[in-house]
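**Q** Build me a structure from this.
(2 chains)
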Amino acid sequence: MINHSTFQHAQSAHCESGVVSNLFRHHGMQISEPMAFGIGAGIFFGHLPFVKVNGVPGTTYRTFPGAIFNKASKRLGVTVRSESFRSPEKAMQALDEKLAQGTPVGLLSSVYYLPYFPPAYRFHFNAHNLVVYGKKDGNYLVSDPIMDVATEIDPESLVAARFAKGFPEPKGKMYYPVAMPDQVKWEKPIQQGIEQACHYMLKIPVPLFGVKGMRFLAKRIQKYPHAVGDRKAGLFLGNVIRMQEEIGTGGAGFRFMYAAFLQEAAQQLNKPVLSTLGTELTAVGDLWRNFAFQAGRVCKSRAGDETSYKDLGDMMVQCAAAEEVLFRRLAQVKF
Amino acid sequence: MKQEEVPQDGNGLTGGKFSQLFYAVNKEGAYVQVSSVGWEPENVAMAQAWDEIHQKTAATRQAVLAGKLSPIAYYMEKNLMTVEILAGYVGKFQWQVKRHLKPSVFKQLSDHLLQRYAATFKISVAELKQFSPTTL
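**A** I've put the predicted structure just below:
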């Protein structure tokens, strides 16, 4: 029987890859966050102008919530049990039962109700992952991957977070590994993760995703001041910066984390070419950081002059070109 | 990004203490994890998003005082909610919640429904009903 005190919390950049890494490690599989992210094919790009959050068009640098966990589990041969609930009482009861058995569980939650986050970060974002691994004095012991240390949460807040409304509804979802593979074979999962990432970035036949999506957004950014006015242009641009750099990307919209994955994969499989590509992706990440830096200056000056937006669009086109070259080469790597 | 280039731009919004994890390369070119309290462009974008929320909430407050919108509109903004989210909490359709934002419709709402709105906003029904210039 596993005692809750044996759960090792480790801070990670992103909540989902962090939960995969922390939970799997607890069950004896030594897997780093970048490795979980890479095998789960977390890297992505998408711009959806018609999906608006508070009137601001959506941009993403990662796959849809849940995908990293599902893909990583499947590829590594981990059997996961996942449950959702209608009633908060049943959901908390099921959680308590698992904890009594000494099983740490992953939970889907809304950031808005997590009291340990600074208020400035608490938006109605309903796809946050965290691990609850025990109970103490009526409070739940939380290993939130974003936090530097393990923390606690009161039951009321946890219920609110698990049963938040809006899109997507967490519905009290909880998940935990029930069977681990006897021996981990890294080659195939890594290969599958890379193949899927290359597909995402290069081959989705819709111009909103992958490198095509970057070019699409670049064009839209160039038109922002003219199309929506200075104030909204600043807000739209600010949102792109936030999706790229705020909470949980590890820098440059997950590009650095993916580069770390390539580096680790190179060592694991003894394939130096992956490490070389990792170094190149770091350079691409630096381009993204430059873009965010300039975009931040434009936002701050609040001056929506057309040339600065044009320059930003050009910078993003460069990012797209560099990523296209990189992922085409990555797709060529033989396993 | 090199390890020594990881920015440490703390800001007032996060208390300057909340640190996140970043991936950066060390002198040997290997990736390492580095903690950071923030970065200027991100801080600017976040401050801008909050400014927008505060402005919108203040404008909605004026509209409620002027009798153009019901208090539900104000509390919805204040709690960073949208019609979609609020509809989920009170168990109504979005078009119904939109109607409830009209002062004339709001006046006719049952106490039972008002109670659900009030509970969602974590206030009392009396507070929800008696919106005055001193309401914050």
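
**Q** residue ranges for the strands of the stretch 151-300 of chain A, please.
**A** When assigned using DSSP state E, counting those that start in this stretch, the strands of the stretch 151-300 of chain A occupy the ranges A:151-153, A:174-179.

**Q** just the helices in chain A please.
**A** For chain A, the helices defined by DSSP state H cover A:15-26, A:33-39, A:67-76, A:88-100, A:155-162, A:187-202, A:210-228, A:230-245, A:255-269, A:272-301, A:306-332.

**Q** among those helices, which is nearest A:Tyr121?
**A** Proximity to A:Tyr121 (CB to CB) singles out helix A:230-245 among the helices of chain A, at 10.6 Å. From N, CA and C alone the C-beta is placed, and that goes for glycine too.

**Q** Any part of the closest one near chain B?
**A** Yes. Using CB under 8 Å from any CB of the partner chain, helix A:230-245 reaches chain B at A:234-235, A:237-239, A:241-242, A:245.

**Q** wait, which of these is closest to A:Gln183?
**A** A:Glu245 (38.4 Å).

**Q** isn't the closest one right next to B:Glu42, touching?
**A** Yes. Shown here, A:Glu245 and B:Glu42 form a contact pair, counting by CB atoms under 8 Å, at 4.4 Å.

**Q** quick one: A:Pro145 from A:Ile247, how far?
**A** Distance of A:Pro145 to A:Ile247, given as CB to CB, to the nearest Å: 11 Å.

**Q** Among these two, which residue is more densely surrounded?
**A** A:Pro145 (27 against 20; other CB atoms under 10 Å in any protein chain shown).

**Q** Which residue comes closest to the more buried one once chain neighbours are left out?
**A** Closest residue to A:Pro145 apart from its sequence neighbours, by CB to CB, 6 or more residues apart in numbering or on different chains: A:Gly18 at 2.6 Å.

**Q** A:Phe69 versus that neighbour, what's the distance?
**A** Relative to A:Phe69, and taking CB to CB, A:Gly18 is found at 11 Å.

**Q** Residue ranges of each domain in chain A, please.
**A** The record assigns chain A these domain ranges, following automatic domain parsing: A:4-30+A:79-179, A:187-332.

**Q** quick one: the top helix by length along chain B near chain A?
**A** Using DSSP H, we find that the single longest helix of chain B is helix B:40-65. Yes. Using CB under 8 Å from any CB, we find that helix B:40-65 touches chain A at B:40-42, B:44-46, B:48-50, B:52.

**Q** out of those residues, who's nearest A:Ala10?
**A** B:Glu42 (23.1 Å).

**Q** picking that back up, a markdown table please, covering the residues of helix B:40-65 next to chain A and showing pLDDT.
**A** Formatted as a markdown table, the residues of helix B:40-65 next to chain A follow (pLDDT from 0 to 100):
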| residue | pLDDT |
| --- | --- |
| B:Glu40 | 92 |
| B:Pro41 | 93 |
| B:Glu42 | 91 |
| B:Val44 | 92 |
| B:Ala45 | 93 |
| B:Met46 | 92 |
| B:Gln48 | 92 |
| B:Ala49 | 92 |
| B:Trp50 | 93 |
| B:Glu52 | 93 |
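
**Q** What subset of those residues is buried?
**A** Burial by neighbour count, 16 or more other CB atoms under 10 Å in any protein chain shown: within the residues of helix B:40-65 next to chain A this picks out B:41-42, B:44-46, B:48-49, B:52.

**Q** what two of these are the furthest from one another?
**A** B:Pro41 and B:Glu52 (16.7 Å).

**Q** Next to chain B, which bits of the stretch 201-335 of chain A? Give me the list.
**A** A:234-235, A:237-239, A:241-242, A:245-248, A:250-252, A:256-257, A:259-260, A:263-264, A:278-279, A:282, A:285-286, A:289, A:292-293, A:295-297, A:299-300.

**Q** In ChimeraX, how would I select the buried members of these?
**A** Only the buried entries of those go into this ChimeraX selection, using 16+ other CB under 10 Å:
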select /A:234,235,237,238,239,241,242,245,246,247,248,250,251,252,256,257,259,260,263,264,278,282,285,286,289,292,293,295,296,299,300
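
**Q** wait, what's in contact with the residue in the stretch 51-200 of chain A positioned nearest to chain B?
**A** Using CB to the nearest CB, the closest approach of the stretch 51-200 of chain A to chain B is made by A:Lys165 at 2.8 Å. Shown in contact with A:Lys165 (CB atoms under 8 Å, 6 or more residues apart in numbering or on different chains): B:85, B:87-89.
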